[in-house]
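1. Next come a sequence and a model predicted from it.
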Amino acid sequence: MNRTNDSSDYERARGILESGDNDGIRLLAADAGCRPEMLYYLAGAEDPAIRALVAANPATPFQADDILVDDRAPAVRGSLARKLVHRLDGLDPGAAARATERARRVLRRLAEDQAVEVRRMVAEEVRASSAIPRDLALTLARDIDEAVCCPVLEFSPLLDDDDLVALIDDRLSSPALTAIARRNGLGEAVSDRIAGTLDEAAVAALLTNAGAQIREATLDMIIDAAPGAAAWHEPLVSRAGLTGSAIRRIAGFVADELLEVIARRDDLTDRMTENLRSKVATRIARHSLESDDNRALLDAIERDLGARHADGRLTPGFIAEAAEIENHAEVWVALGLLTGAGRAFAHRVFASRNAKAITALAWLADLPAWIIVTLQTRIGGIPDKECLRPRGVSDYPLSDKEMLWQLDLFGYRDPEAKAAGWAVN
């Protein structure tokens, strides 16, 4: 632009200022070509809308920014914050150190503004910026207002794992913990700390976060507490990289529809898939063992195990494995076949949660005594400390007479009837 045009523009802008034309003055305040001295003058305008336009104008001199940082209108201070963040993000490494430091100094003041709406605007603008000072990110991350701290906790690239662990140890609120749990590429140490809080929302977000690194021991701890935290069940069954042991434990407490989700995972062995589907049948069968729908499922299991029994493959080891993974239906059917008493009888014995009766049923099936603890805990639901245990290496803890008496309570009256294929209806 030549000097003549420069002079003409200046006179025109001066005329707008002197005219008092509010619309024209607003256009001038937003014009990046406006002279710095005029923008400095407009920083003191009565109209807060004009001051907000000046605050947002990249041509506004730093001297005016120093005035606007204390502006009485929060919207003006918020506009200033947005501009300064964009300015820092746009600066190249060779930018003047003085200009950079001035912008950072003003942003630090805005990050500690008394008005929460200003701090919220600052947080939203800087949340993913790597150009702001690290101490400013930490200031915002420690803010007591969740709308201020959460965006920074979730997105700021300036917070490292040590920062996040220290923040968690300061007892953050549940929303703040949840924001950290959603971070991309979350490290194991941070995941450990979040899991250790057992905060329901935060741990659910952690499990949902596919990029979060979670140690096997940490996941085991979460699974230990998961039966009482329904919000964790769905993300647990969908979590990639679960071990077979973790899958079996999760399958022990999630709802039936989630068992079906687990059974559709593509990282299961055929045996695990079969067991999970059987477990679904078991869950349903607990309420109505011989309903039309459940009978078909249990009949299919019985056909399979009947074939095993016929060729000598229905072994104690097979039954112990089924019990260990809590495949109730398979154990009921197996013991029903081995005793000749039928699956309904076996189901009634296990449903009683009676340690003596379960022990007697294993004895009737000619199973070795070492298996009784697994049957009591995994299938009968009896606490370990209440279990009956073998005497010595291999002897049953009850007398034959006492075990027959226990079986008699459930309808089994003739100890010789087993050979004749007796069954309870």
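-> Thanks, I have it. Residues are numbered from 1 along each chain as shown.
2. For Ile222, give me its contacts.
-> 195, 203, 207, 214, 232, 236 (Cβ atoms under 8 Å, 6 or more residues apart in numbering). C-beta: built from backbone N, CA, C; applies to glycine.
3. 7 Å - rerun?
-> By Cβ atoms under 7 Å, 6 or more residues apart in numbering, the contact set of Ile222 is 195, 203, 232.
4. and what of Arg265?
-> So Arg265 contacts nothing (Cβ under 7 Å, 6+ apart).
5. Determine the three-state secondary structure at it.
-> Following DSSP: H, G, I helix; E, B strand; the rest coil, Arg265 is assigned to coil.
6. is it true that Ile67 touches Leu42?
-> No - counting by Cβ atoms under 7 Å, Ile67 stays clear of Leu42, with 10.7 Å between them.
7. out of those two, which sits in the busier spot?
-> Leu42 (22 against 16; other Cβ atoms under 10 Å).
8. Which helix or strand lies directly C-terminal to the helix or strand harbouring Thr100?
-> Per DSSP states H and E, Thr100 falls inside helix 97-111. Later in the chain than helix 97-111, the nearest helix or strand by DSSP H and E is helix 116-126.
9. how far does that next one sit from the chain's center?
-> 27 Å (Cα atoms, centre = their mean, to the nearest Å).
10. Just the helices from the stretch 151-300 of the chain, written as ranges.
-> Assigned helices in the stretch 151-300 of the chain, in chain order: 161-169, 174-181, 188-197, 200-208, 216-225, 233-238, 244-251, 256-263, 270-287, 292-310 (criterion: DSSP state H, counting those that start in this stretch).
11. just to revisit the earlier point, with distance to Arg87 and neighbour count as extra columns, can I get the contacts of Ile222 in TSV?
-> Below are the contacts of Ile222 laid out as TSV (distance: Cβ to Cβ, whole Å; neighbours: other Cβ atoms under 10 Å):
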residue	distance to Arg87	neighbour count
Ala195	40	23
Val203	39	27
Trp232	44	24
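12. Name the nearest of the residues you listed relative to Glu188.
-> Taking Cβ to Cβ as the measure, Glu188 lies nearest Ala195 of these, at 10.2 Å.
13. low-confidence ranges in this structure?
-> Scanning the chain for pLDDT under 70 picks out 1-8, 90-97, 99, 256, 274, 276-294, 413-425.
14. Find the centremost residue of it, please.
-> Ala204 (2.4 Å; Cα atoms, centre = their mean).
15. For Cys150, list the residues it contacts.
-> Taking Cβ under 7 Å, 6+ apart, one finds 175-176, 179 in contact with Cys150.
16. So the residue nearest to the centre of the chain sits against Pro235, correct?
-> Yes - with contact defined as Cβ under 7 Å, Ala204 reaches Pro235; the gap is 5.7 Å.
17. Which helix or strand contains Leu80?
-> helix 74-90.
18. cool, Gly411 as well?
-> Using DSSP H and E, no helix or strand contains Gly411.
19. Show the backbone phi and psi for it.
-> phi 110, psi 0 (degrees, to the nearest 10).
20. Near it, how many other residues are there?
-> Neighbour tally, Gly411, other Cβ under 10 Å: 13.
21. ok, it to Leu335 distance?
-> Relative to Leu335, Gly411 is positioned 15 Å away (Cβ to Cβ, to the nearest Å).
22. Thr117: what's it in contact with?
-> Just to correct that, residue 117 is Glu rather than Thr. By Cβ under 7 Å, 6+ apart, the neighbours of Glu117 are 74, 78.
23. tell me how far the helix or strand hosting Val148 is from the chain's mean position?
-> Using DSSP H and E, Val148 sits in helix 146-155. Between the centre of helix 146-155 and the centre of its chain there are 18 Å (Cα atoms, centre = their mean).
24. can you tell me the helix or strand for Glu321?
-> Judged by DSSP H and E, Glu321 forms part of helix 316-324.
25. May I ask which helix or strand encompasses Asp70?
-> Here Asp70, judged by DSSP H and E, is contained in no helix and no strand.
26. Kindly provide the distance from it to Leu53.
-> 18 Å.
27. of the two, who's got more company?
-> With neighbours defined as other Cβ under 10 Å, Asp70 and Leu53 compare such that Leu53 has more, 23 against 10.
28. picking up where we left off before, for the helix holding Glu321, buried residues please.
-> By neighbour count on 16 or more other Cβ atoms under 10 Å, the buried set for helix 316-324 is 316, 319-320, 322-323.
29. could I have the following helix or strand past that helix exported to CSV, CA atoms only?
-> Later in the chain than helix 316-324, the nearest helix or strand by DSSP H and E is helix 328-339. Below are the C-alpha coordinates for helix 328-339, written out as CSV (Å, rounded to 0.1, in the frame of the first residue of the first chain):
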residue,chain,number,x,y,z
HIS,A,328,-22.4,-76.2,35.9
ALA,A,329,-24.5,-78.0,33.2
GLU,A,330,-21.7,-80.3,32.2
VAL,A,331,-21.0,-81.3,35.8
TRP,A,332,-24.6,-81.9,36.6
VAL,A,333,-25.0,-84.1,33.5
ALA,A,334,-21.8,-85.9,34.1
LEU,A,335,-22.5,-86.8,37.7
GLY,A,336,-26.1,-87.7,36.7
LEU,A,337,-24.7,-90.2,34.2
LEU,A,338,-22.0,-91.6,36.5
THR,A,339,-24.4,-92.2,39.3
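30. ok now do Arg249, which residues does it touch?
-> Here Arg249 is in contact with Ile223 (Cβ under 7 Å, 6+ apart).
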